[in-house]
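>>> Fold the following.
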Amino acid sequence: MNLDEIRRQIDSTDSDIIELLAKRAGLVSAAGKLKTHEKGVRDPKRVEQVIEKVKTKASAAGLQPKIAEEIYRTIIGCFVREEIREFAERVNSALGNHADFHKYHALGNDYIVIDPQKTRIDLSPETIRLICHRNFGIGSDGILYGPIFENNAIGLRIFNPDGSEAEKSGNGIRIFSRYLVDAGYVRANRFELVTKGGSVGVEVLDAKAGLITVDMGTVTFQSDRIPMTGAVREVVDEQLELDGAIYRVTCVSIGNPHCVIPVQAPSPELARTLGPLVENHPMFLNRINLQLLEVIDRNNIRIEIWERGAGYTLASGSSSCAAASAAFRLGLVDGNVDVHMPGGIISIKISADGHVHMTGPVEGIAAGAFLHDMRSLIHASEEQDSRFRER
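Numbering: from 1, shown residues only. Model prediction:
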C-alpha cells in the first residue's frame with residue numbers, strides 16, 4: 001500500500017468519524033432537552049463513567065487508553081459547552097419578556113443585570129436606589145446595565161446602590177461576562193468589554209462560565225490618576241490621619257480608585273468604622289474604595305472592604321487587584337497572590353510592570369420580573385427624576 005492509498009483511507013475514516021460525531025451530537029442534544037437542571041448537563045459522574053468505558057474499549061481495540069481518554073474528554077467538553085448554550089437558550093426562551101432582570105453573585109458580592117435589549121428602563125439614581133434596596137427592592141450591591149452595542153464593541157455600565165456610576169468592578173465584569181454567555185450573546189471563550197474605566201479582556205475558563213479571568217489592565221499609584229489633592233506623586237506608604245489616628249496608606253487606580261491600609265487584624269467592624277472616613281476624605285476627589293490589608297505570607301493576603309457608594313462588602317474583584325498590587329509594590333508578596341475575603345478567594349496574577357489578571361467564580365441566583373407594584377414605583381421615580389431634570 002502506497003502513501004496516497006493510505007491517505008485515501010484516512011480521509012474515508014475521517015468521513016466516518018464525522019458522521020458518527022454528528023450522530024452523537026444529535027443524541028446528546030436529544031438527551032439535553034430532557035434535562036431540567038443545569039447540573040444535569042455537566043454531570044461529572046456520568047462523564048467519568050463514559051471515559052472508563054471508552055478506555056476499556058480502546059484497550060480491546062488496540063488503541064492506547066490514554067489517547068482515547070484525551071480525545072473523548074475534548075469531545076465531551078465541546079458537547080457540554082453546546083448543551084449548556086442550548087439549555088440557557090431554553091431558559092431564556094421560557095422566561096421570554098418576563099425576565100426584567102437576572103441576578104448573580106461573585107463570592108457574595110451580588111449584582112442585578114438589566115439588559116437594555118430586553119428591558120426598557122430609565123436608570124435614574126432614584127430608580128437604582130429602589131431596585132438595589134434590600135427591603136423595598138430586589139436587593140443588590142449594584143446594577144450592571146448592558147450589553148450596550150456600539151462601534152462593534154460590547155459596552156457595560158456599572159451602578160452603585162447609592163445611584164452613582166462606577167468606572168470598573170472586577171466582580172461585576174465577571175458576573176456580566178457570565179450573563180453574556182448564559183444569554184447567548186457570546187460563544188467565544190475570549191472577548192472584550194468596554195467599561196467607563198476602559199476596555200478589559202475576558203477569558204471564560206470552564207464550560208458553564210463559572211470560573212472567569214479578567215485582564216484588569218495596569219495599576220498606577222500616581223496621585224493625579226486616582227485622583228488626589230496635593231503634588232503629583234506616587235502615593236506609596238504615605239501617612240493619613242483618620243479620627244485622630246495615623247495610618248500608612250498606599251493608593252491605587254486600576255480604572256477605579258482604592259486606598260489600601262495595612263493593619264494587623266482587619267475586621268468588619270474596623271472596615272465599617274474607617275470606611276466612611278476614607279471614602280469621603282477631602283483628599284480623594286472622586287471618593288475612594290478602602291481595603292484593610294493583612295499579609296498572611298508571600299502568596300496570600302486577607303482583606304476587609306468598604307466600597308465607595310456601596311458600603312461594607314463581602315468580596316470585590318477590583319479591591320482584590322488593588323490590595324494585591326499595593327502589597328506587591330511594598331515588597332510584601334510575590335506576583336501570584338490569593339486574596340482571602342469573607343465571601344471567598346480571588347486569585348491575582350501581577351506582572352513586573354503592574355499588569356493584573358484576576359480569576360474568580362460566578363454563580364447564578366435568579367431571573368425574574370418586576371411586579372405591578374414595583375413597576376409603578378419605578379415609573380414614579382422615573383417621572384420624579386424627569387421633573388427634577390426639567391427644573
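
>>> Report the next helix or strand after the worst-scoring helix or strand of the chain on mean pLDDT in sequence order.
The element with the least model confidence among the helices and strands of the chain, by mean pLDDT, DSSP states H and E, is helix 38-42, at a mean of 63. Where DSSP states H and E defines the elements, the next helix or strand beyond helix 38-42 is helix 44-61.

>>> Counting by contacts, list what that next one packs against.
Under the contact criterion of 3 or more Cβ pairs under 8 Å, 6 or more residues apart in numbering; DSSP states H and E, the helices and strands touching helix 44-61 comprise helix 65-95. C-beta coordinates here come from the backbone N, C-alpha and C atoms, glycine included.

>>> doesn't Val337 fall inside a strand?
Yes: assignment of Val337 by DSSP: H, G, I helix; E, B strand; the rest coil places it within a strand.

>>> I'd assumed Asn300 was in contact with it.
Yes: under the criterion of Cβ atoms under 8 Å, Val337 makes contact with Asn300 at 6.9 Å.

>>> Show me how the record splits the protein into domains.
3-97, 99-210+365-390, 223-359 (automatic domain parsing).

>>> May I see those domains organised as CSV, with mean neighbour count and distance to Gly217 added?
Output for the domains of the chain, formatted as CSV (neighbours: other Cβ atoms under 10 Å; distance: least, Cβ to Cβ, whole Å):
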stretch, mean neighbour count, distance to Gly217
domain 3-97, 13, 28
domain 99-210+365-390, 18, 6
domain 223-359, 19, 6
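
>>> Can you tell me which of the ones you listed has the worst average pLDDT?
Between the domains of the chain, the one with the least mean pLDDT is domain 3-97; it has a mean of 82.

>>> Tell me how far that one lies from the chain's centre.
The gap between the average C-alpha position of domain 3-97 and the chain average comes to 29 Å, counting by Cα atoms, centre = their mean, to the nearest Å.

>>> and the gap between Asp14 and Ala367?
For Asp14, the distance to Ala367 equals 42 Å [Cβ to Cβ, to the nearest Å].

>>> scratch that, Ser29
When Cβ to Cβ is applied, the distance between Ser29 and Ala367 equals 23 Å.

>>> Gln264 now?
When distances are taken as Cβ to Cβ, Gln264 and Ala367 turn out to be 43 Å apart.

>>> now Ser351
Ser351 sits 38 Å away from Ala367, going by Cβ to Cβ.

>>> next one: Gly155
With the distance defined as Cβ to Cβ, Gly155 ends up 22 Å from Ala367.

>>> same question, Asn289
Between Asn289 and Ala367 the computed distance is 29 Å (Cβ to Cβ).

>>> and what of Asp43?
23 Å.

>>> Quick check: closest non-adjacent residue to Lys349.
By the measure of Cβ to Cβ, 6 or more residues apart in numbering, the closest residue to Lys349 outside its immediate chain neighbours is His357, 4.5 Å from it.

>>> My impression was that Glu241 belongs to a strand - is that right?
Yes: in this structure, Glu241 lies within a strand as judged by three-state DSSP.

>>> who's it bridged to?
When bridges are called by DSSP bridges, Glu241 pairs up with Ile246.

>>> Relative to His281, how far out is it?
With distances defined as Cβ to Cβ, the gap from Glu241 to His281 amounts to 10 Å.

>>> got a list of what the residue of the chain positioned farthest from its centre touches?
Of all residues in the chain, Met1 sits farthest from the chain's C-alpha centroid, using Cα atoms, centre = their mean; the distance is 56.1 Å. Contact analysis of Met1 by Cβ atoms under 8 Å, 6 or more residues apart in numbering lists nothing.

>>> Apart from its neighbours in sequence, what residue is nearest Leu332?
Closest to Leu332 by Cβ to Cβ, 6+ apart is Val295, at 4.8 Å.

>>> which stretches of this structure form helices?
For the chain, the helices defined by DSSP state H occupy 3-32, 38-42, 44-61, 65-95, 125-132, 170-182, 268-279, 317-329, 372-390.

>>> mind putting the ones you listed in a markdown table, distance to Val200 included?
Converted to a markdown table, the helices of the chain look like this (distance: least, Cβ to Cβ, whole Å):
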| stretch | distance to Val200 |
| --- | --- |
| helix 3-32 | 32 |
| helix 38-42 | 26 |
| helix 44-61 | 30 |
| helix 65-95 | 22 |
| helix 125-132 | 22 |
| helix 170-182 | 6 |
| helix 268-279 | 24 |
| helix 317-329 | 11 |
| helix 372-390 | 30 |
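
>>> Between the ones you listed, which one is closest to Gly311.
Proximity of those to Gly311 was assessed by Cβ to Cβ; the nearest stretch is helix 268-279, lying at 7.0 Å.

>>> Now do that closest one: distance to the chain's middle.
Going by Cα atoms, centre = their mean, where helix 268-279 is centred and where its chain is centred differ by 25 Å.

>>> list the helices and strands that helix packs on?
strand 238-242, strand 257-262, strand 289-297, strand 300-307, strand 311-313.

>>> Any chance of the ones you listed in TSV with distance to Pro276 as columns?
Written out in TSV, the entries for the helices and strands packed on helix 268-279 read as follows (distance: least, Cβ to Cβ, whole Å):
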stretch	distance to Pro276
strand 238-242	10
strand 257-262	13
strand 289-297	9
strand 300-307	7
strand 311-313	8
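
>>> Please identify which of the ones you listed is closest to Ile84.
Of all the helices and strands packed on helix 268-279, strand 311-313 sits nearest to Ile84, with 29.4 Å by Cβ to Cβ.

>>> What strands flank that closest one, and is each parallel or antiparallel?
When sheet partners are counted by DSSP bridges, strand 311-313 sits next to strand 300-307 (antiparallel).

>>> before we move on, the earlier item: list the contacts for the residue nearest to Leu332?
Residues touching Val295, when contacts are defined by Cβ under 8 Å, 6+ apart, comprise Pro262, Ile301, Ala327, Leu332, Val333.

>>> And Phe136, by the same measure?
For Phe136, counting by Cβ under 8 Å, 6+ apart, the contacting residues are Leu130, Leu377.

>>> rerun that using 10 Å as the cut-off
Each residue near Phe136 by Cβ atoms under 10 Å, 6 or more residues apart in numbering is listed here: Arg129, Leu130, Met374, Leu377.
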